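> need a 3D model of the following:
(one chain, ligands or ions: 1)
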Amino acid sequence: MAKVTLKTLADMKLSGEKFTSLTAYDSTFSNLASSNGVEVILVGDSLGNVVQGQNSTVPVTVEDMCYHTRCVASAAGDAMVMADLPFASYATEEQALMNAAQLMRAGAEIIKIEGEGWLPPIVTRLKQQGIPVCVHMGLTPQFVNVLGGYRVQGREEEKANNMIRAAMDLQEAGAAMLLLECVPADLAREITKAVSIPVIGIGAGVDTDAQVLVVYDMLNLTAGRKPKFVKNYITDGETPQQAVANYVAEVKAGTFPAEEHIFQ
Ligand code: KIV
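Predicted coordinates for the structure are as follows:
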């Protein structure tokens, strides 16, 4: 795989080739992803749940994210490294710039922030300073205390229309990518068609330009009930390497997510 850049991903969207994203929080999992064809490695603030054992992503700090971003960047190979700005670390343009710069210095090549209508000025400010931004929309886990739980977003017509408008405004503001979590498949398809920037989905149907999963979920390492959109890739004695390669192949073939992973 040649070095993955924003141009690589834009060209893939244009040609209709799907790309794959997977979380990693350390160099071993980063190498597992990059050496098995994953294009975008996400240093997700889900590390609050799966690494730190917290019950949400709210306690994760910028320092935590920088530490794990450095670990992942050290073994990312040609994959692109995307890192989350954590809870309440981008409330103003200046705060977002200061914290995003720290993540970029730690090895991120694009940062991800959660929200919709209030984000365009922050996206523009970061892009002006050389920091590409992916905006995470739909179910935004940093806002769990406002949302009242982890639920599918955008089922109502008004909310769906607001999300489509917000996606277009964010593209206009300079967003490099969007990520849709837990939205109905039809809405994700409409947003993916409405924007020219790549759209990554998780629990957002099969028609987004890419898919992302939390690596511990797809390797069946997490305890307890998994969200509907998770597929366990370790069912028949597969190695972690085979599991990741199978995930990449299924995303590219459009066979993951299947009907049972999708919200209608
Ligand atoms: O933090 C994370 O792992 C994420 C994914 C669930 C998309 O944002």
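
> go through the chain and flag its longest helix.
Across the chain, the longest stretch assigned as helix under DSSP state H is helix 157-173.

> any chance you could list what contacts that helix?
116-117, 119-121, 123-124, 127, 135, 137-138, 153-154, 178, 183-184, 187, 190-191, 194-197 (Cβ atoms under 8 Å, 6 or more residues apart in numbering). Just so you know, the C-beta spots here come from the backbone N, C-alpha and C atoms, and that holds for glycine as well.

> do the same with stretch 185-193
By Cβ under 8 Å, 6+ apart, the residues outside stretch 185-193 that reach it are 154, 160, 163-164, 167, 178, 180, 183, 199, 201, 204-209, 262-264.

> return the residues of the chain in contact with the ligand.
Within reach of the ligand by Cβ under 6 Å from any ligand atom, the chain has these residues: 23, 42, 44-46, 84, 136, 179, 181, 202, 212, 214.

> show me the strands in the stretch 151-264 of the chain, by range?
Taking DSSP state E, counting those that start in this stretch, the strands of the stretch 151-264 of the chain run over residues 177-181, 199-202, 210-213.

> mean neighbour count, mean pLDDT and distance to L103 for the ones you listed - can I get that in JSON lines?
Listed next are the strands of the stretch 151-264 of the chain as JSON lines, based on neighbours: other Cβ atoms under 10 Å; pLDDT from 0 to 100; distance: least, Cβ to Cβ, whole Å:
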{"stretch": "strand 177-181", "mean neighbour count": "26", "mean pLDDT": "98", "distance to L103": "15"}
{"stretch": "strand 199-202", "mean neighbour count": "27", "mean pLDDT": "98", "distance to L103": "18"}
{"stretch": "strand 210-213", "mean neighbour count": "26", "mean pLDDT": "98", "distance to L103": "18"}
